[in-house]
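**Q** This is a predicted model, with the sequence first.
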Amino acid sequence: MTMLSSTRALVALVATTVAALTWCGCGDRVPDAPPNLVIILVDTLRADHLHYHGHHRETSPRIDDLAARSAAFMRHHSTSSRTGPSTASIFTGLFPRSHGVLNPLTEFDAKGVLAEDRTTLAEILTAGGYECFGYTANINASDRFGFGQGFVDYQYIESSKAVEVRRHALKVLAEPRENPFFLYLHYMEPHSSYSAPQEYRSLYVDPRYDGRIDGRHLQLNQIVEGTLALSEAGAEHLRGLYDQEIRYTDDEIGLILDALAEHDLAENTVVVFVADHGEEFLDHGSVLHGYTLYQEQLHVPLFVHDPRRSDARRIEAITRHVDVLPTLLELLGMDGGDEIQGESLVPLMDGRQDQRGEVPVLAEASLMAVKTVRQRSLALGDWKLIEHLIPEAPPELYDLRRDPGEQHDLMAVEPHEAQRLRVRLADLLESLPEAEGAVTTLSEEEIRKLRSLGYVK
Ligand SMILES: [Zn+2]
């Protein structure tokens with residue numbers, strides 16, 4: 001079955017499912033109307049910089065409060081260290097090689113556009129009677145790259161500012177409507193450059209710091225290139241600047257949650273908080289994201305708050321971006337068809353399941369900007385393998401339980417584990433259908449924007 005014909009079959013399937021809405025048999029309150037859905041995606045937010053995840057600074061009071069009322073997935077993983085591939089996995093429930101948004105950007109065209117024949121969450125929800133709205137402050141997740149499929153209104157916020165995302169969101173939330181809605185909000189803070197508004201600028205940085213590191217993207221690119229040295233003091237300054245942006249974003253998200261309550265929507269709206277990928281601060285000798293697949297890039301927050309359920313809990317099982325879509329469809333009482341590669345996390349939310357065994361955590365990186373890289377990684381339980389395709393380099397193996405910071409490569413001393421993971425990775429790759437991303441030609445302005453973010457040379 002081709003993707004396109006399966007999309008049609010899917011629409012029919014969803015329509016049938018919605019006509020006979022069945023709700024979870026977990027004993028929680030059965031609502032009168034299908035719930036609304038709000039997904040808040042914060043770009044470039046590594047999990048361990050949230051206070052809820054143990055960060056020493058109180059970067060996230062409102063997010064922490066939401067987490068405490070949610071199924072908090074404490075070991076959630078991205079499928080990539082870049083916006084396009086990781087966000088596309090959330091939108092489709094597919095790994096990068098199957099949704100096709102993976103190819104490196106070149107200066108003159110953008111391969112890796114999410115193709116029309118991929119089925120997205122918004123398309124499934126629209127077929128199920130939802131009105132879908134999306135506002136993205138990151139051009140990589142804009143309609144230009146295929147992410148607007150299924151939305152009645154999907155806009156790229158050119159200023160990239162949270163206040164503009166908020167302005168659109170509050171308009172959607174204030175409008176009375178008969179149908180349930182899906183609202184997707186993609187915040188660009190704390191993506192570099194790290195520059196929070198004035199009132200946040202002295203929260204977490206040491207006023208005695210007198211080095212030249214200032215958090216501008218241009219400078220960070222120079223550090224990646226190796227033309228600018230970064231000391232530990234400079235890296236600590238960057239962490240402070242980054243945390244100030246997280247604190248600012250937390251306040252902005254608080255305003256969205258307040259608006260849900262003000263408009264009496266909180267009791268019937270599923271709220272999801274997630275990040276596309278993380279960020280590095282000298283964890284492995286460099287900064288930014290997209291160039292490696294270490295945990296600081298892949299370990300991101302996922303909190304799912306369903307007000308109809310009473311099962312807020314911290315969940316330690318390993319989860320992945322591809323699991324988000326099937327989870328949401330089960331919560332909303334819908335079926336997405338059998339091409340989805342992730343699995344619903346609702347059994348974990350219900351407490352019917354504690355662990356998931358060795359669920360394969362596959363990630364792929366492909367970037368041609370300051371440096372050109374192509375890598376893939378597979379984690380199974382505590383073990384993680386990283387393979388380097390471009391530039392070619394020896395694979396790496398880590399024991400995440402003993403060495404969560406991935407500092408000690410065990411490839412030479414654990415040949416049996418290495419071989420087991422290499423076989424599993426090869427089998428997994430062979431089992432996943434490979435898709436090409438669509439190609440588009442970018443305007444000068446779009447190339448300028450991507451270059452300013454470090455996504456093209
Ligand atoms: Zn991103």
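**A** Yep, that arrived.
**Q** contacting residues for whichever residue of the stretch 251-400 of the chain sits closest to the ion?
**A** Nearest residue of the stretch 251-400 of the chain to the ion: Asp276, at 4.2 Å (C-beta to the ion). C-betas here are computed from N, CA, C, even on glycine. By C-beta atoms under 8 Å, 6 or more residues apart in numbering, the residues touching Asp276 are Leu41, Asp43, Thr44, Ser78, Arg82, Thr83, Ser86, Thr87, Ile90, Ala141, Val300.
**Q** Now with 10 Å, please.
**A** 41-45, 78-90, 138, 140-141, 186, 191, 289, 300, 321 (C-beta atoms under 10 Å, 6 or more residues apart in numbering).
**Q** Check Leu329 too.
**A** Leu329 sits next to 14, 17, 93, 121, 124-125, 128, 335-337, 340, 344, 346 when contact means C-beta under 10 Å, 6+ apart.
**Q** got these as JSON lines, with distance to Glu225, neighbour count and secondary structure columns?
**A** Output for these, formatted as JSON lines (distance: C-beta to C-beta, whole Å; neighbours: other C-beta atoms under 10 Å; DSSP: H, G, I helix; E, B strand; the rest coil):
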{"residue": "Val14", "distance to Glu225": "48", "neighbour count": "23", "secondary structure": "helix"}
{"residue": "Thr17", "distance to Glu225": "51", "neighbour count": "19", "secondary structure": "helix"}
{"residue": "Gly93", "distance to Glu225": "36", "neighbour count": "31", "secondary structure": "coil"}
{"residue": "Leu121", "distance to Glu225": "37", "neighbour count": "26", "secondary structure": "helix"}
{"residue": "Ile124", "distance to Glu225": "42", "neighbour count": "30", "secondary structure": "helix"}
{"residue": "Leu125", "distance to Glu225": "42", "neighbour count": "26", "secondary structure": "helix"}
{"residue": "Gly128", "distance to Glu225": "47", "neighbour count": "24", "secondary structure": "coil"}
{"residue": "Asp335", "distance to Glu225": "48", "neighbour count": "17", "secondary structure": "coil"}
{"residue": "Gly336", "distance to Glu225": "42", "neighbour count": "24", "secondary structure": "coil"}
{"residue": "Gly337", "distance to Glu225": "44", "neighbour count": "17", "secondary structure": "coil"}
{"residue": "Ile340", "distance to Glu225": "39", "neighbour count": "20", "secondary structure": "coil"}
{"residue": "Ser344", "distance to Glu225": "43", "neighbour count": "19", "secondary structure": "coil"}
{"residue": "Val346", "distance to Glu225": "45", "neighbour count": "22", "secondary structure": "helix"}
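**Q** Quick check: PyMOL command selecting the buried ones in the contacts of Asp276.
**A** Here is the PyMOL command that selects the buried residues among those (16 or more other C-beta atoms under 10 Å):
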select buried, resi 41+42+43+44+45+78+79+80+81+82+83+84+85+86+87+88+89+90+138+140+141+186+191+289+300+321
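**Q** among the contacts of Asp276, which are in helices?
**A** Per DSSP state H, helices hold the following members of these: Thr83, Gly84, Pro85, Ser86, Thr87, Ala88, Ser89, Ile90.
**Q** so which of the residues you listed would you say is closest to Gln407?
**A** Gln407 has its nearest neighbour among the ones in helices among the contacts of Asp276 in Ser86, at 24.3 Å by C-beta to C-beta.
**Q** got a list of what that closest one touches?
**A** Going by C-beta under 10 Å, 6+ apart, Ser86 touches 41, 43, 77-80, 96, 101, 140-141, 274-277, 289, 297-298, 300, 321, 363-365.
**Q** and if we set it to 6 Å?
**A** Contacts of Ser86 were listed using C-beta atoms under 6 Å, 6 or more residues apart in numbering, and they are Ser78, Thr79, Ser80, Asp276, His277, His321.
**Q** picking up where we left off before, now, which of the ones in helices among the contacts of Asp276 lie close to the ion?
**A** Contacts with the ion within the ones in helices among the contacts of Asp276, counted by C-beta under 5 Å from the ion: Thr83.
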